[in-house]
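Chemist: structure of the sequence below:
(chains A and B)
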Amino acid sequence: MLDPKLLRTDPETLRAALRRRGDDGLLDHAIMLDSRRRALQSRVDDLRARRNAVSESIGAILKEAKGDDAAVARAEAAKAETRELKATLDGLEAELTASAGEFDAAMLQIPNLPHPSSPLGSREEDAEVVKVVGEPPAFDFETRDHLELAGAGIDMERGARTSGSRFGYLTGDIALLWMAVSRYAIDLLRAKGFTPVNPPVLVRREALVGTGFLPGDEDAIYAVPGDGLYLVGTSEVSLAALHLGEILAEEDLPLRYCGISACFRREAGAAGRDTRGIFRTHQFEKVEMFSFCHPERSWEEHDWLLSIEEEIAQGLGFHYRVVNIAAGDLGSSAAKKYDIEVWLPGQGRYRELTSCSNTTDYQARRLDCRMRPVEGSLRPVHTLNGTAVTSSRTVIGILETHQQADGTVAVPEALQPYGLPAVLGLS
RNA sequence: GGAGAGGUGGCCGAGUGGUUGAAGGCGGCGGUCUCGAAAACCGUUAUGGGGCGCAAGUUCCAUCGGGGGUUCGAAUCCCCCCCUCUCCGCCA
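Modeler: Residues are numbered from 1 along each chain as shown, chains lettered A, B, ... in the order given. Below is the predicted model:
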């Protein structure tokens, strides 16, 4: 959520920033609702002040003049006045509640302001290539894609039989490969001070509203209506909600967590896209970085999280590039987002491997997560998130990058300490 | 699933209808004392919103898990919901 005060103090800056996203539609509406809300608030407050004053006088009258008929009569007259005030107030308060509700609803739909360095545009191709690292691996044989390489290790047919399309079984060496990858990432993050967390994956609506996924992405999210819960698409949601409604001490920041969890995505708008293998599935596992950060240090933190993602990509021997996502292609909560796109020999192109966002104070406001500074008053923290590794795309990257002529896969050295042979003889 | 107890400020904890936004303690901040520190003592210390003000500030409103209700007036009484704890039952 944006700082509501900015609607009054600096609407033109807001408008300019939102236009870079191509999404300033709700701004004027919100500004109008805000002034309506405030006008009502004033009237209601004045009436309440009057009611409170009269009401207090009743107490004083009754206390001092027990049995005095004149005093009792004055008290009764005062009661009659407050009853009248109450009738007026009831109507106005209902209007105020409705008006405030409309305002909140509008504010919840306005996305975060993009950072000036987010490129213009609204499509994936509008992203700016920040850097390219390494060279595409060269093969002197016909390359295979991850599904061919994995053989029985990735079983989409049986996955579909059990759960439908876009579900798969990871078995044998592929299951172990994921465990090795995740443990590699967790150890690396732990050494950098992240606290490992195994979070809830079924969450209340508030957690999704707080992270900016709702309202808006209901099509993308699995709901369990009977219990009023939702399955998270990323542990970002549960990790962000970890400090929902809390006040953090300045000296405790940044608080860094790595979430280890399953992720669930309905992939509603993606029918027919990336249907082969485990590139785009309804369920996968992910190790996610999340940081509650001092508001003045979030841009360094963003760069640092990206550098960790790169360290992991390099540790796994990937050829990749880093792109800066266009303003109009950011999710609603990100001010700036870097993706790492890994070169997949099986597809012959760069594909999104990880994502790293600075949501500035946008989520923190919605989550009501604030910092108590050593000096000054409370202010929202900044939150950031980034992918470490996933059981889908990181695993695909390893299989396709390190494939060999005979269809086996050379395990990157970094993973070998985690219970894997040097070569996976899969298919 | 059944029965009971409870949710109060950064934290602990008092408070069953009328200056209670809320005693007391801890913690924090400022000060006295000290070469300095500790201790002791004194003072201070909630959040959100509206109005006025360039600002410091000032004033009003709201907030005692959340939402309704009773009342002139609710932390306090009633109803619903959420959560925590204890016991019983069931079960991975």
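
Chemist: what does chain A have sitting close to RNA strand B?
Modeler: Counting by CB under 7 Å from any atom of the strand, the residues of chain A lying close to RNA strand B are A:4-5, A:38, A:41-42, A:44-46, A:48-49, A:51-56, A:58-59, A:62, A:78-79, A:82-83, A:86, A:97, A:247, A:370, A:372, A:377-378. Placement of C-beta: from N, CA and C, glycine included.

Chemist: which strands or helices does the longest helix seen in chain A pack on?
Modeler: Looking only at chain A and at elements set by DSSP state H, the helix with the highest residue count is helix A:69-109. Packing contacts for helix A:69-109, counted by 3 or more CB pairs under 8 Å, 6 or more residues apart in numbering; DSSP states H and E, involve helix A:27-64.

Chemist: let's see it at 10 Å
Modeler: Of the remaining helices and strands, those touching helix A:69-109 by 3 or more CB pairs under 10 Å, 6 or more residues apart in numbering; DSSP states H and E are helix A:5-9, helix A:27-64, helix A:362-367.

Chemist: which among the residues of chain A next to RNA strand B count as buried?
Modeler: Buried subset of these (neighbour count, 16 or more other CB atoms under 10 Å): A:44, A:51, A:54, A:58, A:78, A:82, A:370.

Chemist: next one, pLDDT for the fifth one please.
Modeler: We have a pLDDT of 74 for residue A:78.

Chemist: check contacts around it.
Modeler: A:53-58, A:61-62 (CB atoms under 10 Å, 6 or more residues apart in numbering).

Chemist: how about those residues in a markdown table, adding pLDDT?
Modeler: A markdown table is the format used below for the contacts of residue A:78 (pLDDT from 0 to 100):
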| residue | pLDDT |
| --- | --- |
| A:53 | 82 |
| A:54 | 84 |
| A:55 | 82 |
| A:56 | 79 |
| A:57 | 79 |
| A:58 | 79 |
| A:61 | 73 |
| A:62 | 68 |
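
Chemist: which two in the buried ones among the residues of chain A next to RNA strand B are spaced the farthest apart?
Modeler: Based on CB to CB, the longest span within these runs between A:78 and A:370 and measures 41.5 Å.

Chemist: residues in contact with the closest residue in space to residue A:270 that isn't next to it in sequence?
Modeler: The shortest distance from residue A:270 to any residue other than its chain neighbours is 6.3 Å, reached at residue A:280 (CB to CB, 6 or more residues apart in numbering). Counting by CB under 10 Å, 6+ apart, residue A:280 makes contact with A:166, A:265, A:267, A:270, A:273-274, A:351, A:392-393.

Chemist: residue A:257 too?
Modeler: Applying CB under 10 Å, 6+ apart, one finds that residue A:257 lies in contact with A:189, A:194-197, A:199, A:235, A:238-240, A:242-243, A:288-292, A:385.

Chemist: same thing but 8 Å
Modeler: With contacts taken as CB atoms under 8 Å, 6 or more residues apart in numbering, residue A:257 has the following neighbours: A:194-197, A:239, A:242, A:289-291.

Chemist: excluding its backbone neighbours, what's nearest the residue in the stretch 301-427 of chain A positioned nearest to RNA strand B?
Modeler: When distances are taken as CB to the nearest atom of the strand, the stretch 301-427 of chain A approaches RNA strand B most closely through residue A:378, which lies 4.5 Å from it. Excluding the flanking residues, the one nearest residue A:378 by CB to CB, 6+ apart is residue A:370, at 4.5 Å.

Chemist: okay but that neighbour is in contact with residue A:247, surely?
Modeler: Yes - counting by CB atoms under 8 Å, residue A:370 does reach residue A:247; the two are 5.2 Å apart.

Chemist: looking at residue A:132 now. What's its pLDDT?
Modeler: The per-residue confidence score, pLDDT, reads 95 for residue A:132.

Chemist: list the contacts of residue A:3.
Modeler: Listed by CB under 8 Å, 6+ apart, the contact set of residue A:3 reads A:361, A:365.

Chemist: on that earlier part again, and the longest helix of chain A with helix A:27-64, angle?
Modeler: An angle of 160 degrees separates the directions of helix A:69-109 and helix A:27-64 when computed by axes from the mean of the first three to the mean of the last three CA atoms, to 10 degrees.

Chemist: mind listing the shared neighbours of residue A:370 and residue A:247?
Modeler: With contacts taken as CB under 8 Å, 6+ apart, residue A:370 and residue A:247 have residue A:378 as neighbours in common.

Chemist: how distant is the helix or strand bottoming out on mean pLDDT in chain A from the center of its chain?
Modeler: For chain A, scoring each helix and strand by mean pLDDT, DSSP states H and E identifies helix A:69-109 as the least confident one, at a mean of 81. The chain centre lies 39 Å from the centre of helix A:69-109; the measure is CA atoms, centre = their mean, to the nearest Å.

Chemist: what domains does the record give for chain A?
Modeler: The record's domain split for chain A, according to automatic domain parsing, is A:5-109, A:124-424.

Chemist: single out the most deeply packed of these.
Modeler: Sort the domains of chain A by mean neighbour count, taking mean count of other CB atoms under 10 Å, and domain A:124-424 sits at the top with a mean of 19.

Chemist: any idea how far residue A:359 is from residue A:314?
Modeler: Residue A:359 sits 26 Å away from residue A:314, taking CB to CB, to the nearest Å as the criterion.

Chemist: give me the mean pLDDT for the host helix or strand of residue A:288.
Modeler: Mapping residue A:288 onto the secondary structure by DSSP states H and E places it in strand A:283-293. Strand A:283-293 shows a mean pLDDT of 95.

Chemist: I'd like to know which elements the helix or strand following that strand is packed against.
Modeler: Helices and strands here follow DSSP H and E; after strand A:283-293, the next one along the chain is helix A:298-315. Taking 3+ CB pairs under 8 Å, 6+ apart as contact, the helices and strands that helix A:298-315 lies on are strand A:128-133, helix A:173-191, strand A:283-293, strand A:320-324, strand A:336-344, strand A:349-358, strand A:382-390.
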